[in-house]
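A.B. asks: sequence and predicted structure are below.
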Amino acid sequence: MSNFTHWNEEGRPKMVDITEKNETTRTAVAQSTIIFKKELYEAIQNQQLKKGDPLQVSQIAGIMAAKKTSDLIPMCHPIQIKGVDFTFEYKEADDQHHLIIQASVRCNGSTGVEMEALTAVSVAALTFYDMCKAIDKSICIKETMLISKTGGKNGDYHLFK
């Protein structure tokens, strides 16, 4: 069991010791795609949702989730996040609409922020569903993925390069 980084000599889970890792500026961008009906898109554009603007609430939920990632993911280190931002882009496809949510997270630290970015977009997508389910219960949270990360000993990663 000691060959696994997250298991101790007795074969029990442990948090990896990052004491010796260099602090660097680290960034991560994650994305989630949501698919929904045209009627929901029109209701959002016409401000007809009784719960209010789903993007604003989703962004706040995503920021809160990024800050709480280490409380949700067992072996994730608590880090001091320096910034979280979101972009939202609607795209039309056939009779459906897609919402592409991206979260960008930054820190200066000894471990990366990939999990914070992934958690942020996941919770933002779930919040969008919660805000909109009265109009469209068929909303599909489709793809969640890491788009890029910078910093750290493993170097940079860019999905679309």
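C.D. replies: Okay, I see it.

A.B. asks: so which bits of the strand or helix carrying Phe128 are buried?
C.D. replies: Assigning secondary structure by DSSP states H and E places Phe128 in helix 114-132. By 16 or more other C-beta atoms under 10 Å, the buried positions in helix 114-132 come out as 114-129, 131-132. C-beta here means a position set from N, CA and C on the backbone, and glycine is covered the same way.

A.B. asks: the helices in this protein, which residues?
C.D. replies: Secondary structure of the chain (DSSP state H): helices at 38-45, 54-67, 69-72, 114-132.

A.B. asks: adding distance to Val29, write those out as CSV.
C.D. replies: Shown next, in CSV, are the helices of the chain (distance: least, C-beta to C-beta, whole Å):
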stretch, distance to Val29
helix 38-45, 24
helix 54-67, 12
helix 69-72, 15
helix 114-132, 6
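
A.B. asks: as TSV, those with mean pLDDT and distance to Ala93 would be great.
C.D. replies: Listed next are the helices of the chain as TSV, based on pLDDT from 0 to 100; distance: least, C-beta to C-beta, whole Å:
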stretch	mean pLDDT	distance to Ala93
helix 38-45	96	10
helix 54-67	98	19
helix 69-72	96	31
helix 114-132	98	17
